[in-house]
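Q: return atomic coordinates for the entry below.
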Amino acid sequence: MKKKSKKPAARKKAVKKPAKKKKGGRPAAYDQKYAGQAKTLRGTYGVTIVTLAKMWGVTEKTIYDWMKKHKKFAEAMEEGNVFTPETIKKVKKGLLKRALGYKFKEVTSEPALLITVKVNGKKRKGAKGATVEDIEESLVPTKIVTKEVPADVTAQKLILFNKCSKEFKDRQFHDVKHGGSVKLNINVKKNYDGDRNTN
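A: Numbers count the residues shown, from 1 in each chain. Sure, this is the predicted structure:
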């Protein structure tokens with residue numbers, strides 16, 4: 001009698017479990033010099049938090065955490081912020097002024113001698129027949145001219161494109177809807193004489 005050979009048990013396929021993502025590891029150490037750097041970079045160049053994070057090799061969340069933990073850093077970040085509500089308000093006002101045009105007074109000044117004299121023991125400026133007390137040179141306005149700056153079309157376009165975007169656009173898009181069939185008639189005329197040579 002032949003022995004039945006046992007079949008090896010079917011192996012279960014190993015299911016790979018997705019590797020667990022590490023939670024960022026240990027947070028980067030805060031350096032005191034970051035406050036000064038943040039103030040300068042944000043104030044002078046308008047650098048964003050995203051750029052600062054890349055520069056220091058940390059995440060944006062880390063920077064926000066530093067702002068919560070370190071008061072000086074938070075103040076520097078706020079002081080360096082170019083885009084404060086007050087600044088944006090000034091920019092809006094300036095853009096509107098540029099779009100509408102405006103007038104301003106141009107003052108031309110020339111150097112002149114300012115003579116202080118004493119009359120009856122009291123100091124006066126430029127009185128006749130008095131003793132000279134002091135002579136100083138200063139700028140004196142000689143001419144005032146009112147000038148006009150015309151309205152700027154680029155500023156007007158910028159405002160209209162953003163505030164009235166439905167009416168004013170660089171490119172107009174029209175939605176054309178068609179529900180039926182379209183019939184096309186194409187006439188093609190032959191402009192040649194077959195295979196004949198016309199020599």
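
Q: check contacts around residue 42.
A: By Cβ atoms under 8 Å, 6 or more residues apart in numbering, residue 42 lies in contact with 52, 77, 80-82. Where you see a C-beta, it was placed from the backbone N, CA and C, and this is true even at glycine.

Q: now these in JSON lines, with pLDDT?
A: Below are those laid out as JSON lines (pLDDT from 0 to 100):
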{"residue": "52", "pLDDT": "90"}
{"residue": "77", "pLDDT": "86"}
{"residue": "80", "pLDDT": "73"}
{"residue": "81", "pLDDT": "75"}
{"residue": "82", "pLDDT": "70"}
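
Q: show the buried residues in the residues you listed.
A: 52, 77, 80-81 (16 or more other Cβ atoms under 10 Å).

Q: my guess is residue 40 contacts residue 82. True?
A: No - using Cβ atoms under 8 Å as the test, residue 40 is too far from residue 82 to be in contact (11.7 Å).

Q: residue 148 looks like it's in a strand, true?
A: Yes - with DSSP: H, G, I helix; E, B strand; the rest coil as the criterion, residue 148 is part of a strand.

Q: and residue 104, what's its pLDDT?
A: Residue 104 is assigned 89 on the pLDDT scale.

Q: so what's it bridging to?
A: Beta bridges link residue 104 to residue 147, judged by DSSP bridges.
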